[in-house]
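**Student:** take a look and give me a structure for this.
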Amino acid sequence: SSPGSSDPAVSGVRTALLGTLWVIAITVLFAFPVGVGAAIYLEEYATASRFNKLIETNIRNLAGVPSIIYGLLGLAILVRTLEFATQGRTILSAGLTLGLLILPVIIINSQEALRSVPSSIREASYGVGATKWQTIWNQVLPAAMPGILTGTILAMSRAVGETAPLIVIGASTFIVSDPSNPFAKFTALPIQIYQWTARPQSEF
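**Tutor:** Reported below is the predicted structural model:
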């Protein structure tokens, strides 16, 4: 419950824990709606064209890209190019970078969940006069939601443990002030643990 300190007897993880919660909140707010929306488009609306197949192939390839590459992408675009919007090395930059990292995983899992909904549910909905969007919103999404949420939780568990992208983006290795907004400087639990293991005191 106490902030970080150079004295291991009084050092705590509060600052790092709050930083992690802020980053993950922004990651979910960005990645979940975008990922589910992309999955709905690819599964329900996209035609079997060569362009859409290329998009699907690239999404599956992006799921296997090392996390450090996303860190470099976040550094180049979010921290430097869009510094006027993100204010540089902040929680917002970290959250959006981790959002990009888990976006392919959420899209793939959401597609599989939507695909597993029986076609008879769609046909019954069309049979009583529902439009395509009414069918997706009222029938298909609720039926697929358990699978979508499972995929999202698995993706979030990956994001929580990531250290490399946060180091590249510029998370502080030692900070004692609690983050209070998305534009604050921050540290995260993986960074804090890494910093402690690098210290010479055996207590850490």
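**Student:** just the C-alphas of stretch 13-20, formatted as PDB.
**Tutor:** Provided in PDB are the C-alpha atoms of stretch 13-20 (Å, rounded to 0.1, in the frame of the first residue of the first chain):
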ATOM      1  CA  VAL A  13       3.900  -1.200  -5.000                       C
ATOM      2  CA  ARG A  14       1.100   1.300  -4.700                       C
ATOM      3  CA  THR A  15       2.400   3.600  -7.400                       C
ATOM      4  CA  ALA A  16       3.200   0.700  -9.800                       C
ATOM      5  CA  LEU A  17      -0.200  -0.900  -9.100                       C
ATOM      6  CA  LEU A  18      -2.100   2.300  -9.800                       C
ATOM      7  CA  GLY A  19       0.000   2.800 -13.000                       C
ATOM      8  CA  THR A  20      -0.900  -0.700 -14.100                       C
END
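**Student:** what's next to it, contact-wise?
**Tutor:** Here stretch 13-20 makes contact (CB atoms under 8 Å, 6 or more residues apart in numbering) with 1-4, 91, 160, 171, 175-179, 186-189, 191-192. From N, CA and C alone the C-beta is placed, and that goes for glycine too.
**Student:** can you do 6 Å?
**Tutor:** With contact meaning CB atoms under 6 Å, 6 or more residues apart in numbering, stretch 13-20 is reached by 1, 2, 3, 4, 175, 178, 179, 186, 187, 188, 189, 192.
**Student:** so which bits of the helix ranked longest in the chain are buried?
**Tutor:** For the chain, the helix with the greatest residue count under DSSP state H is helix 14-40. Across helix 14-40, burial judged by 16 or more other CB atoms under 10 Å covers 15-20, 22-24, 26-28, 30-32, 35-36, 38-40.
**Student:** next: stretch 101-121.
**Tutor:** Applying 16+ other CB under 10 Å to stretch 101-121 flags 101-111, 113-114, 117 as buried.
**Student:** show me what it is in contact with.
**Tutor:** Contacts of stretch 101-121 (CB under 6 Å, 6+ apart): 31, 35-36, 38-39, 43, 59, 62-63, 67, 70, 139-140, 143-144, 147-148, 151-152, 155, 159.
**Student:** 7 Å - rerun?
**Tutor:** 27, 31-32, 34-36, 38-40, 42-44, 59-60, 62-63, 67, 70, 139-140, 143-144, 147-148, 151-152, 155-156, 158-159, 162, 165 (CB atoms under 7 Å, 6 or more residues apart in numbering).
**Student:** go on, stretch 149-158?
**Tutor:** Applying CB under 7 Å, 6+ apart, the external contacts of stretch 149-158 come out as 24, 28, 32, 102, 105, 106, 109, 110, 113.
**Student:** for stretch 62-74, same thing?
**Tutor:** 93, 97, 100, 101, 104, 105, 108, 162, 164, 165, 168, 169.
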